[in-house]
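Student: 3D, please:
(chains A, B, C and D, ligands or ions: 6)
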Amino acid sequence: MTKTSFKLRDVEFKNRVLVASGTFGYGDELKDLVDVNMLGGMITKSLSWKPRDGNPPGRIAETTGGMLNSIGLANIGVHHFVKDKLPYLKTLNTVVIVNIAASSIDEYCDVLSLLDQEAAVDGFEINVSCPNVKEGGLSFGTDCDATAEITSRLRRLTEKPLIIKLTPNVTHVSEFAKAVARAGADAVSLINTVIGMAVDIKTRKPRLSTVTGGLSGPAIKPIALAKVYEAAQSVDIPIIGIGGIASAEDALEFLLVGASAVQIGTMNYVDPSASVKIAQGMAEFAARNNVGDLAEFVGALDANVEFSVLQSWL
Amino acid sequence: MTKTSFKLRDVEFKNRVLVASGTFGYGDELKDLVDVNMLGGMITKSLSWKPRDGNPPGRIAETTGGMLNSIGLANIGVHHFVKDKLPYLKTLNTVVIVNIAASSIDEYCDVLSLLDQEAAVDGFEINVSCPNVKEGGLSFGTDCDATAEITSRLRRLTEKPLIIKLTPNVTHVSEFAKAVARAGADAVSLINTVIGMAVDIKTRKPRLSTVTGGLSGPAIKPIALAKVYEAAQSVDIPIIGIGGIASAEDALEFLLVGASAVQIGTMNYVDPSASVKIAQGMAEFAARNNVGDLAEFVGALDANVEFSVLQSWL
Amino acid sequence: MVQEIATVTGRNEVADGIYVVKFSSAHISRTSLPGQFVNVRVGNGFLPLLRRPFSVCRTQDDEAEIVFNIVGEGTRILSEKEPGEKIDVLGPLGTPFGYQKGVDTAIMVAGGLGVAPFPLLTQKIRNQVKRIETFVGAATGRKLWTEHLENVHAATDDGTKGFRGTVVAQLAEFLESNKVLHPKIFGCGPTRMLHALSDLAKRYEIACDLSLEGDMACGMGICQGCPVERVNGTKKYSLVCTDGPTFDSREIVLQA
Amino acid sequence: MVQEIATVTGRNEVADGIYVVKFSSAHISRTSLPGQFVNVRVGNGFLPLLRRPFSVCRTQDDEAEIVFNIVGEGTRILSEKEPGEKIDVLGPLGTPFGYQKGVDTAIMVAGGLGVAPFPLLTQKIRNQVKRIETFVGAATGRKLWTEHLENVHAATDDGTKGFRGTVVAQLAEFLESNKVLHPKIFGCGPTRMLHALSDLAKRYEIACDLSLEGDMACGMGICQGCPVERVNGTKKYSLVCTDGPTFDSREIVLQA
Ligand SMILES: Cc1cc2nc3c(=O)[nH]c(=O)nc-3n(C[C@H](O)[C@H](O)[C@H](O)COP(=O)(O)OP(=O)(O)OC[C@H]3O[C@@H](n4cnc5c(N)ncnc54)[C@H](O)[C@@H]3O)c2cc1C
Ligand SMILES: Cc1cc2nc3c(=O)[nH]c(=O)nc-3n(C[C@H](O)[C@H](O)[C@H](O)COP(=O)(O)OP(=O)(O)OC[C@H]3O[C@@H](n4cnc5c(N)ncnc54)[C@H](O)[C@@H]3O)c2cc1C
Ligand SMILES: Cc1cc2nc3c(=O)[nH]c(=O)nc-3n(C[C@H](O)[C@H](O)[C@H](O)COP(=O)(O)O)c2cc1C
Ligand SMILES: Cc1cc2nc3c(=O)[nH]c(=O)nc-3n(C[C@H](O)[C@H](O)[C@H](O)COP(=O)(O)O)c2cc1C
Ligand code: FES
Ligand code: FES
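Tutor: Ligands and ions are numbered 1, 2, ... in the order given. Okay, here's the model as predicted:
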């Protein structure tokens, strides 16, 4: 049987498929439909210190092979989460990672400190695609120094796996990957959504109330693969690949370019059983090809090194 | 009848639809299929000083709603173009824009100077998504100073419309738009392709010989719209919108977010008559809605200014 | 709530451009309550990517029906499903209409495809209320579908069938000239109609449940993509997919 | 070269999983030469986005035929086209096989769906050459389609029909035991087979045209997406879509 597990610090994931933040709620909503214990792990919706209402209606819009969202990080807040959601999560036999969002570095620290004491929380993923109120709302995630600072501040507060989730909306994602690796992150996950928009030409209004939002789904898979590849070329810490994954084949593409694991996002809406099928499909593909450990795929891309991103004339 | 024309310097485009560089050859290949005189203009494949062979096989790969390419700017070179292609282009009754690619600023200047004397060349579009040999192959287009320098050097060499074609693969495209506007560009066009990749999991090889390439087609439309919107918020010079346009409705979305005209790229491969249909469809939509001049759509997005890219928590 | 690969067992064009698709699912058929919906994946590909929500229109034994018109790619594909083909259905979803004890007259008001939830509501409420009055509006007579309903009052914009004008205007006339005992209104249709209906309900002080539409990504309360503003309360928004699609008209702010 | 919305006039599964689709297009039917192809848009949507190239297999009056097997979404959709439905066809495209005067024996060698261009080649060359020998290979007997060909030698990998082994091995045996006058080989099939065929042609010093496949975006020489390396000459690459798909085997470097 193919070995599918991997480790981050002391935490063992039974396979390399996780469900992505914001696409699986707090874990209890889909319990009738998906056996999350068949997955490597689940990542919660982003949690902030206080509950957040989120953005006005006009939060999603479908596009070719993808969707735009502008949820505004609507969430129940960390206290409500600890009280009402953690008890269920404790009963799970899979890794539970809490994703944290905040509008100041202090808020990130407060949320993480509070959760670090909870045994049911196995690790953290940090959503840096959040507006930094001190900097007039500019996203932390496009500011390399701010991203590194968040990482090092949080690193001091926890011994649990600390994953920094990178945004693709930067020129060189490798700089961000290097900065957070230096600052002590255990892993990076990418990509968060790609900035996009859509317009209703009849009303002349943007389809999203916030004008622009985040693009996800199969349409962005090629972009995500290129970003993961770029990150993998630049750091040694594990990478978790995200973006448009809909099949075991897609997931294996991410492993080949350098991801140690993957997250399934938008496809959870389309087919709640997608992540379990993907986990099974990866193991089956490996078995069919006599690969004893999925780790053998990680970074195993057979690429001609003569050519590279930089030298190719698009 | 709806007015569809617009002007750049002294050059009048009969409508707001052009065909994009690299997707319509040198104008003569499709003459049996498309009446290019029905379009606002045509833009040639990128031309460099010397002919270029292009990249090894593995130049294209289809993806969900889009395609990747890594052509390597295969082109016949400017001398061959003047001799063999310009005579036909002279006979056209539409605007002819030559797109220029180069690996040094001097090369850009040489190609432009040579073509500036040709009456059949109505203007220039500069492809800055090219590796700067002096900087070890880093793309000019992701270096704001280099992009501005190319613009000001070329500005001194021509009185014809000078359009700088921007890459989306940067954190803030508005900075590039502002820099080239200051440096004397008459317009910016965007977006060029988005960096992406795809992997064949059976062979473990990248589908493109250069590993990564450029993503185009309907999948990238939401990204292109957001980039055009960002550019339009930051500069007063006209913007030409490009990216995934497949219908008149798509084209009008680009006008609403601030584009004065659009270019059709990948869809020319799928349906050579797409651009003509789009030009006609835009005029029909305007007529149906009693809009006397397509200019009324430009930048007419009815957006709630309270929200913006920066403040939205994705 | 189940996810099932269900077999299509029937497809009919029941009015001009309006299709009823029947599929077999014991669970969905036997557990769906009026106002709930199913979320359908119309194909295995990515165009369209997301599921499409449809009210459960009618149930019979182990089969359920949805009714819809063609508005885009998803409904076009669905309208071409032949009996024997499979569809991926998830449901039942959402909060059903509230038809508590004490309601004697159920007034159902449908605009266009808003008629969808009312056959099932009629089916379930029939023995519980004393009287059902159903107002069904459409653009034109050819687009009117009024099967499986009781005491139907038809209205068309062009007057080709029944009352000429909106269903809400027709209902207002009805209420002026008829006494109704312990009534409750159930409304479903375009937002503009729901506005008018909600106003009317307030004017006549009749309890009113509205079934809302809206873009949805998940339909299961996961994505937070379907907010509707609340009139007041501890939280600013409710979710159309789980807190709704049916709401007491006094508790929500309809969009402009 | 035209772009036409053509009507499908026939569809048949001619062997296991192998379909022939016939469509009406006077221009394509009357102007296509053997080895040329048409580029088909299988639907109006974006999945798949690009056209799919198919050799013109046979022409008759105002109708043309293509033959294909299902390898992905595009061919699956195409295989489901019913007579009366429309397809968007662009063609004829590409450079045909060279069958200049002086060839007495035409040797056609097909691997799998590589049989596609040979019915038309047979049709056009029949009166010009003295002899045609056709070698058709497939994985198994059920997947062998040999209609509209002359002097067929079948080969299957599993030996269920004809020669057990590859077509190229079969051709080698044939050449050992038969005299052929002024021959020319025409080959089409998987790259591995073309390699073997090209080697054989060199060994026997027989002129050989190969029809290549490869990813294409435009099929019309616009995108530069379909290069094949040349053995020598002024430019490094030829384009499969315009300079090919047929090439003299001595002029190109087949990919590994
Ligand atoms: C809870 C719920 C229950 C529903 N029940 C039914 C039902 O029983 N019968 C029925 O016919 N429809 C119903 N709808 C609406 C139905 O889901 C949409 O018509 C369908 O999703 C359109 O899909 P499409 O792919 O055909 O069109 P798309 O390609 O998605 O859309 C085509 C055009 O229609 C518009 N559109 C899309 N969705 C909606 C919508 N929800 N309301 C108004 N305009 C829209 C789009 O803006 C676009 O312009 C319901 C919606 C919800 C949320
Ligand atoms: C000039 C030319 C003529 C052709 N003539 C014929 C013909 O007459 N009959 C016929 O059956 N096919 C022919 N082909 C191949 C045919 O075009 C492809 O099989 C078809 O495009 C596949 O489309 P799809 O959407 O079904 O599969 P896709 O979804 O595009 O592909 C599915 C799988 O098949 C592989 N694949 C795709 N295209 C090819 C290819 N060209 N060769 C090998 N593997 C491929 C992909 O890598 C993928 O793994 C021709 C190709 C060319 C370039
Ligand atoms: C509706 C929606 C809500 C999301 N919410 C969050 C979130 O709260 N925090 C976060 O880090 N990422 C969030 N994401 C991003 C996803 O986790 C993922 O990074 C992205 O969607 C790309 O993956 P996909 O293409 O598989 O969806 C959200 C995505 C969607 C579509
Ligand atoms: C195969 C291919 C070749 C291209 N070649 C060029 C080129 O030579 N110069 C250039 O500036 N852009 C080139 N482009 C980019 C297009 O002009 C356009 O910016 C991009 O494809 C996005 O538009 P679309 O989505 O409509 O295709 C090319 C695009 C494709 C798909
Ligand atoms: S549609 Fe996802 S929460 Fe309502
Ligand atoms: S396929 Fe476009 S040039 Fe050959």
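Student: can you pull out the helices in chain A?
Tutor: For chain A, helices defined by DSSP state H occupy the ranges A:78-80, A:86-90, A:105-116, A:144-155, A:173-182, A:221-234, A:248-257, A:267-270, A:274-288.
Student: just send these back as JSON lines, with mean pLDDT and distance to B:His79 too.
Tutor: Glycine gets a C-beta too; all of them are placed from N, C-alpha and C. Output for those, formatted as JSON lines (pLDDT from 0 to 100; distance: least, CB to CB, whole Å):
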{"stretch": "helix A:78-80", "mean pLDDT": "97", "distance to B:His79": "67"}
{"stretch": "helix A:86-90", "mean pLDDT": "96", "distance to B:His79": "69"}
{"stretch": "helix A:105-116", "mean pLDDT": "97", "distance to B:His79": "58"}
{"stretch": "helix A:144-155", "mean pLDDT": "97", "distance to B:His79": "45"}
{"stretch": "helix A:173-182", "mean pLDDT": "97", "distance to B:His79": "39"}
{"stretch": "helix A:221-234", "mean pLDDT": "97", "distance to B:His79": "35"}
{"stretch": "helix A:248-257", "mean pLDDT": "98", "distance to B:His79": "41"}
{"stretch": "helix A:267-270", "mean pLDDT": "97", "distance to B:His79": "51"}
{"stretch": "helix A:274-288", "mean pLDDT": "97", "distance to B:His79": "52"}
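Student: as CSV, those with distance to B:Asp236 and mean neighbour count would be great.
Tutor: What follows is the helices of chain A, written out as CSV (distance: least, CB to CB, whole Å; neighbours: other CB atoms under 10 Å in any protein chain shown):
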stretch, distance to B:Asp236, mean neighbour count
helix A:78-80, 46, 16
helix A:86-90, 53, 15
helix A:105-116, 37, 19
helix A:144-155, 31, 19
helix A:173-182, 32, 21
helix A:221-234, 30, 27
helix A:248-257, 41, 26
helix A:267-270, 41, 25
helix A:274-288, 47, 19
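Student: can you list those helices in JSON lines and add distance to B:Glu125?
Tutor: Written out in JSON lines, the entries for those read as follows (distance: least, CB to CB, whole Å):
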{"stretch": "helix A:78-80", "distance to B:Glu125": "51"}
{"stretch": "helix A:86-90", "distance to B:Glu125": "55"}
{"stretch": "helix A:105-116", "distance to B:Glu125": "44"}
{"stretch": "helix A:144-155", "distance to B:Glu125": "32"}
{"stretch": "helix A:173-182", "distance to B:Glu125": "28"}
{"stretch": "helix A:221-234", "distance to B:Glu125": "24"}
{"stretch": "helix A:248-257", "distance to B:Glu125": "33"}
{"stretch": "helix A:267-270", "distance to B:Glu125": "38"}
{"stretch": "helix A:274-288", "distance to B:Glu125": "42"}
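Student: which among those is found nearest to B:Leu30?
Tutor: Nearest to B:Leu30 among these is helix A:221-234 (27.0 Å), distances taken as CB to CB.
Student: anything in the closest one near ligand 3?
Tutor: No. Helix A:221-234 is not in contact with ligand 3 by CB under 6 Å from any ligand atom; minimum separation 7.0 Å.
Student: closest one to ligand 2 among the helices of chain A?
Tutor: helix A:248-257 (9.6 Å; CB to the nearest ligand atom).
Student: count of residues packed around C:Arg142?
Tutor: Number of residues near C:Arg142 (other CB atoms under 10 Å in any protein chain shown) recorded here: 14.
Student: confirm it sits in a helix?
Tutor: Yes. The assignment for C:Arg142 is a helix, going by DSSP: H, G, I helix; E, B strand; the rest coil.
Student: please name the residues that touch it.
Tutor: Residues near C:Arg142 by CB atoms under 8 Å, 6 or more residues apart in numbering or on different chains: C:Ala15, C:Asp16, C:Thr160.
Student: circling back: mind putting the helices of chain A into JSON lines with distance to chain C?
Tutor: Formatted as JSON lines, these follow (distance: least, CB to the nearest CB, whole Å):
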{"stretch": "helix A:78-80", "distance to chain C": "11"}
{"stretch": "helix A:86-90", "distance to chain C": "15"}
{"stretch": "helix A:105-116", "distance to chain C": "19"}
{"stretch": "helix A:144-155", "distance to chain C": "24"}
{"stretch": "helix A:173-182", "distance to chain C": "25"}
{"stretch": "helix A:221-234", "distance to chain C": "10"}
{"stretch": "helix A:248-257", "distance to chain C": "12"}
{"stretch": "helix A:267-270", "distance to chain C": "4"}
{"stretch": "helix A:274-288", "distance to chain C": "11"}
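Student: okay, the ones you listed in CSV with distance to ligand 5 next?
Tutor: Below are those laid out as CSV (distance: least, CB to the nearest ligand atom, whole Å):
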stretch, distance to ligand 5
helix A:78-80, 17
helix A:86-90, 19
helix A:105-116, 23
helix A:144-155, 28
helix A:173-182, 29
helix A:221-234, 22
helix A:248-257, 23
helix A:267-270, 7
helix A:274-288, 16
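Student: how about C:Gly114, what does it touch?
Tutor: C:Gly114 touches C:Gly187, C:Cys188, C:Gly189, C:Pro190, C:Met193, C:Ser211, counting by CB under 8 Å, 6+ apart.
Student: again but with C:Glu205, I slipped
Tutor: No contacts exist for C:Glu205 under CB under 8 Å, 6+ apart.
Student: may I see the buried residues of stretch A:235-251?
Tutor: Across stretch A:235-251, burial judged by 16 or more other CB atoms under 10 Å in any protein chain shown covers A:235, A:237-246, A:248-251.
Student: ok, and of those, which contact chain B?
Tutor: Applying CB under 8 Å from any CB of the partner chain to the buried residues of stretch A:235-251, one finds that A:Gly244, A:Glu249 fall near chain B.
Student: now, among the buried residues of stretch A:235-251, which is nearest to B:Ser275?
Tutor: Looking across the buried residues of stretch A:235-251 and measuring by CB to CB, the closest to B:Ser275 is A:Gly244, at 28.7 Å.
Student: now the closest residue to A:Asn99 other than its chain neighbours: how far from C:Cys223?
Tutor: Excluding the flanking residues, the one nearest A:Asn99 by CB to CB, 6 or more residues apart in numbering or on different chains is A:Ser21, at 3.8 Å. Taking CB to CB, to the nearest Å as the measure, A:Ser21 falls 11 Å from C:Cys223.
Student: same question for A:Ala181.
Tutor: Relative to C:Cys223, and taking CB to CB, A:Ala181 is found at 31 Å.
Student: ok, C:Val20 next?
Tutor: 29 Å.
Student: check C:Ile28 too.
Tutor: 22 Å.
Student: check C:Asp61 too.
Tutor: In terms of CB to CB, C:Asp61 sits 33 Å off from C:Cys223.
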